[in-house]
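Asks: give me coordinates for this.
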Amino acid sequence: MTWRTLRPGERVVVRRRRDDDPAPGEPPYTDVLGEVVTIDDDGLVVRTRRADVDVPGADVVLWKRVPPALPRRAR
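Replies: As a prediction, this is how the structure comes out:
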C-alpha cells in the first residue's frame with residue numbers, strides 16, 4: 001500500500017528521510033505524528049501539535065494509520 005491511499009483527517013505516523021544533513025551517528029530518519037491535512041502527488045502535509053509539516057512523497061519511507069490521540073489529563 002502506498003501513502004497516496006491516505007485521506008485528509010486520518011491520524012498517521014510517517015517515517016521520512018531528514019531534510020538536513022545529520023551528523024555522523026545521528027539517525028537519517030525522523031517521524032512525523034499527526035493528522036493528514038492535504039495530500040497530492042508531490043507529498044502530504046501533516047498537522048502535528050506544533051505545526052503543519054510538509055512531507056515530500058520522495059522522502060516517505062514508512063507510514064501507518066494510528067488511533068486518535070487520548071484526551072489530555074487534567075493536572
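Asks: which strands or helices does the lengthiest strand in the chain pack on?
Replies: Identified as the longest strand of the chain according to DSSP state E is strand 29-40. If you count contacts as 3 or more Cβ pairs under 8 Å, 6 or more residues apart in numbering; DSSP states H and E, strand 29-40 packs onto strand 11-17, strand 43-47, strand 52-56. Placement of C-beta: from N, CA and C, glycine included.
Asks: low pLDDT regions in the chain?
Replies: Across the chain, not a single residue meets the criterion (pLDDT under 70).
Asks: what's around residue 29, how many residues?
Replies: 13 (other Cβ atoms under 10 Å).
Asks: same thing with residue 18?
Replies: Count around residue 18 with other Cβ under 10 Å applied: 12.
Asks: for the nearest residue to it once chain neighbours are set aside, give me its contacts.
Replies: Leaving aside its sequence neighbours, residue 18 sits nearest to residue 30 (Cβ to Cβ, 6 or more residues apart in numbering; 5.3 Å). By Cβ atoms under 8 Å, 6 or more residues apart in numbering, the contact list for residue 30 reads 15-16, 18.
Asks: start to end distance for stretch 34-47?
Replies: 5 Å (Cα to Cα, to the nearest Å).
Asks: next: stretch 7-20.
Replies: Per Cα to Cα, stretch 7-20 runs 27 Å from first to last residue.
Asks: which positions within that stretch qualify as buried?
Replies: By neighbour count on 16 or more other Cβ atoms under 10 Å, the buried set for stretch 7-20 is 12, 14-16.
Asks: same thing with stretch 59-69?
Replies: 59-60, 63.
Asks: which outside residues touch that stretch?
Replies: 3, 6, 10-17, 19, 29, 33, 43-44.
Asks: off-centre distance for that stretch?
Replies: How far stretch 59-69 lies from its chain's middle: 6 Å, per Cα atoms, centre = their mean, to the nearest Å.
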